[in-house]
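Asker: Fold the following, please.
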Amino acid sequence: MPVAENWRTTPHSLVSKVYNARQENAGPWQEKVSAMFTELLSKENLDTLPSLNETPNHELTDGQLVRFKGMVQDMYDPEIYMAEYETRNLSTGVRTVHCGRYRDVLHSSIKEEVLEESEHNVMKDRGVLYCVSIPGENPWVADVLTSRGDAQAGPSGTYHNPLKRGLEPAASNGNSEMESEEMETENGDAANHNGTTAEHVGGKRSKGEDGNPVAGLNGTAAGHTDLNLPIPNGKGKAVIVKLYDTPEGSVKLCDMLDLVGIVSLDPAMAVSEPEEMMGSSLPPPSLVPRLHVVQMKKMSHNNPLAGSLTLHQTEMESSRAQLLHILSQALLCDSLAAEYLLYNLVSKVYGRRDVQVLGKMCLNLFNISSQSNWSRRIYTILGLLMPGSHYLPLSRQQLEKTRFIPQKDFEANRLVSGILQLPSGTSLIIDETAMNDGQLSAQAVKNLTAIGNLISWQKVDYDFKYHTLEYETDIPVMVMSEGRSLLPSDFQLMVKTEDSPSNMLETCFRNISSLLNQDLLNRLRLYLTQCREQEYSLTEELQKEVQDDFVRMRQENQGQVTVDDLHAHLVLAR
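Answerer: Predicted structure coming up:
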């Protein structure tokens with residue numbers, strides 16, 4: 001009995017139909033295909049697609065449409081593929097031209113052969129990226145998506161596996177957040193940042209055009225299953241992304257992408273060719289699926305609440321007051337420190353003038369006691385509010401054994417990740433109270449320098465062995481320390497408590513727990529994202545007032561007020 005075609009499960013059939021009707025349609029058939037998918041992929045239809053981020057690979061079907069939200073971790077040379085190819089039926093001798101777009105292995109029946117030298121064959125290139133789950137993404141983001149049904153959609157629509165245990169309510173995820181962050185920090189030193197076991201990705205040409213098993217783009221040593229994640233994550237995923245008709249330079253390292261594409265899981269791609277011809281083999285598609293993109297959107301943030309909800313002016317004002325109260329409680333009733341911490345969370349680089357970075361605001365809060373896990377508790381609250389953040393305890397062991405900056409592995413032809421390879425908007429919370437006594441090694445000093453460069457210039461120097469390349473970032477950094485930090489900062493503020501931390505911690509954080517509920521958390525999350533993404537501008541009248549104030553300040557404080565001070569005031573004003 002024939003089964004009706006479903007565009008979610010058999011998108012290749014729709015592409016073939018448009019291709020076969022190419023002579024009847026006006027304009028290039030590729031544009032027709034793109035327009036078709038754009039029309040099909042409305043917001044409602046997107047919600048019915050399975051997510052590679054949450055769905056196990058074995059629950060997916062080769063050739064179906066899926067979604068993936070991730071960060072570009074590495075970029076490779078364009079891959080040559082056969083966009084159109086001709087086959088011949090061995091029984092009848094009939095020749096047919098097929099479409100090879102969105103495929104790794106060319107489709108042909110048992111009684112057909114691919115004519116490699118046919119004049120009808122068309123060779124093109126496609127972009128190839130290595131994308132990973134967004135580093136530092138906090139658990140509540142996945143909880144929100146799961147509650148909408150985005151994360152567990154199956155091939156024919158919304159999917160729910162009755163054998164899986166349901167997620168805990170997001171309103172009570174404070175403890176799970178703490179456990180997750182503790183596991184991340186404790187395991188961070190032992191993470192695969194030493195480059196000894198890793199997935200090797202290269203830039204070899206695909207060999208799927210002739211119908212033979214594919215082996216090519218990257219190489220992984222046998223038995224190695226490292227996904228090259230910047231921040232270790234047991235639930236992290238990786239995909240090899242194929243892009244079509246994408247302008248050069250439109251996608252960069254560390255961009256966050258929302259992708260819809262045709263997943264390729266053909267086991268033939270796991271078969272290697274001789275090492276002397278192709279180098280090491282690709283990771284099998286069962287571990288790292290291939291995704292042929294039909295729709296791509298660059299994301300400026302990964303807050304799933306921001307697309308469907310908007311706070312009005314009165315709600316913004318009330319949310320700000322509530323957020324300041326919570327931050328003040330986390331800082332043991334220091335309202336001024338809470339204000340500065342809020343400014344740090346919503347700070348954003350809005351321009352660069354020569355070596356000056358406009359908009360950055362690194363904050364050093366000192367007088368933070370190392371007792372009672374105060375810094376850890378502060379981060380737990382921030383993790384519940386921010387869509388992306390990372391807690392970095394600056395211990396001597398962490399500095400010596402962890403790779404902070406990405407490093408190029410030329411033998412494997414891949415970029416080995418470092419924990420500073422983060423997408424824009426990820427809050428980096430550095431805990432200097434974890435620093436212990438001892439002599440720092442050369443690697444530790446190198447890592448400290450990398451953090452200093454990130455703070456001062458919002459740049460990370462990627463290590464390409466014989467030289468370094470600077471990559472611009474936009475990562476708000478907050479440093480917690482007992483005394484003034486040894487790292488550079490834009491603002492240093494002493495946290496002043498009304499009583500000793502040991503007497504206040506339990507009471508203040510108990511007050512926070514009594515305040516937090518799902519509705520309030522969502523409003524505060526939305527508030528922070530709206531503030532950070534909002535466009536700001538100064539009118540000509542206000543610009544003149546700022547200029548006059550700056551001139552007056554320089555006259556009143558001869559030689560003590562600089563351009564950096566003006567920039568600092570403008571950042572606070574924003």
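
Asker: Low-confidence stretches in the stretch 351-500 of the chain?
Answerer: For the stretch 351-500 of the chain, applying pLDDT under 70 flags no range at all.

Asker: One more: the stretch 101-250 of the chain?
Answerer: For the stretch 101-250 of the chain, the ranges with pLDDT under 70 are 149-225.

Asker: Got phi/psi on Gly63?
Answerer: phi 90, psi 10 (degrees, to the nearest 10).

Asker: now it, nearest residue through space, not along the chain?
Answerer: His12 (5.6 Å; Cβ to Cβ, 6 or more residues apart in numbering). Where C-beta positions appear, they are placed from N, C-alpha and C, glycine not excepted.

Asker: pretty sure that neighbour contacts Gly100?
Answerer: No - under the criterion of Cβ atoms under 8 Å, His12 makes no contact with Gly100, lying 10.6 Å away.

Asker: Those two: which has the busier surroundings?
Answerer: Gly100 (22 against 17; other Cβ atoms under 10 Å).

Asker: what pLDDT does the more buried one get?
Answerer: We note a pLDDT of 90 for Gly100 in this prediction.

Asker: Run through the residues that contact the residue nearest to it when sequence neighbours are not counted.
Answerer: Leaving aside its sequence neighbours, Gly100 sits nearest to Met82 (Cβ to Cβ, 6+ apart; 4.5 Å). Residues near Met82 by Cβ atoms under 8 Å, 6 or more residues apart in numbering: 100, 106, 121-123, 209.

Asker: how about the helices of the stretch 1-150 of the chain, start to end?
Answerer: Taking DSSP state H, counting those that start in this stretch as the criterion, the stretch 1-150 of the chain carries its helices at 11-20, 29-40, 43-46, 139-148.

Asker: Confidence-wise, which of these is weakest overall?
Answerer: If you rank the helices of the stretch 1-150 of the chain by mean pLDDT, helix 43-46 sits at the bottom with a mean of 76.

Asker: how about the closest residue to Leu243 other than its chain neighbours, what does it touch?
Answerer: Leaving aside its chain neighbours, Leu243 sits nearest to Gly127 (3.7 Å; criterion: Cβ to Cβ, 6+ apart). Going by Cβ under 8 Å, 6+ apart, Gly127 touches 75, 78-79, 242-244, 246, 251.

Asker: repeat for Asn138
Answerer: Here Asn138 is in contact with 177, 383-384, 386-389 (Cβ under 8 Å, 6+ apart).

Asker: among these, which are in strands?
Answerer: Ser389 (DSSP state E).

Asker: From Glu31, how far out is the residue nearest to Gly63?
Answerer: According to Cβ to Cβ, to the nearest Å, His12 stands 18 Å off from Glu31.

Asker: And Glu54, by the same measure?
Answerer: The gap separating Glu54 from Glu31 is 32 Å, by Cβ to Cβ.

Asker: The two - which one has more neighbours?
Answerer: Each of Glu54 and Glu31 has its neighbours counted (other Cβ under 10 Å); Glu54 has more, 17 against 13.

Asker: hang on, isn't the more buried one packed against Thr146?
Answerer: Yes - shown here, Glu54 and Thr146 form a contact pair, counting by Cβ under 8 Å, at 7.0 Å.

Asker: Longest strand of this structure, counting residues only.
Answerer: Counting residues, the longest strand found in the chain (DSSP E) is strand 65-89.

Asker: Sort out which residues of that strand are buried, please.
Answerer: Using 16 or more other Cβ atoms under 10 Å as the test for burial, strand 65-89 gives 65-76, 79, 81-88.

Asker: same question, stretch 341-354
Answerer: Within stretch 341-354, the residues that count as buried by 16+ other Cβ under 10 Å are 341-349.

Asker: which SS class is Leu227?
Answerer: For Leu227, the assignment made with DSSP: H, G, I helix; E, B strand; the rest coil gives coil.

Asker: Same question for Val239.
Answerer: Here Val239 is strand, with the state taken from three-state DSSP.

Asker: partner residues bridging it?
Answerer: Cys131 (DSSP bridges).

Asker: Now do it against Leu129, distance only.
Answerer: From Val239 to Leu129 the distance is 9 Å (Cβ to Cβ).

Asker: Okay, the residue nearest to Gly100 and Met269: tell me how far apart.
Answerer: In this view, Met82 and Met269 are 15 Å apart by Cβ to Cβ.

Asker: repeat for Pro139
Answerer: Distance from Pro139 to Met269, by Cβ to Cβ: 32 Å.

Asker: what do you get for Lys32?
Answerer: 28 Å.

Asker: what about those two, which has more around it?
Answerer: Counted by other Cβ under 10 Å, Lys32 and Met269 do not tie: Met269 has more neighbours, with 27 against 17.

Asker: hmm, back to that, how much space between the residue nearest to Gly63 and Ser109?
Answerer: Distance from His12 to Ser109, by Cβ to Cβ: 14 Å.
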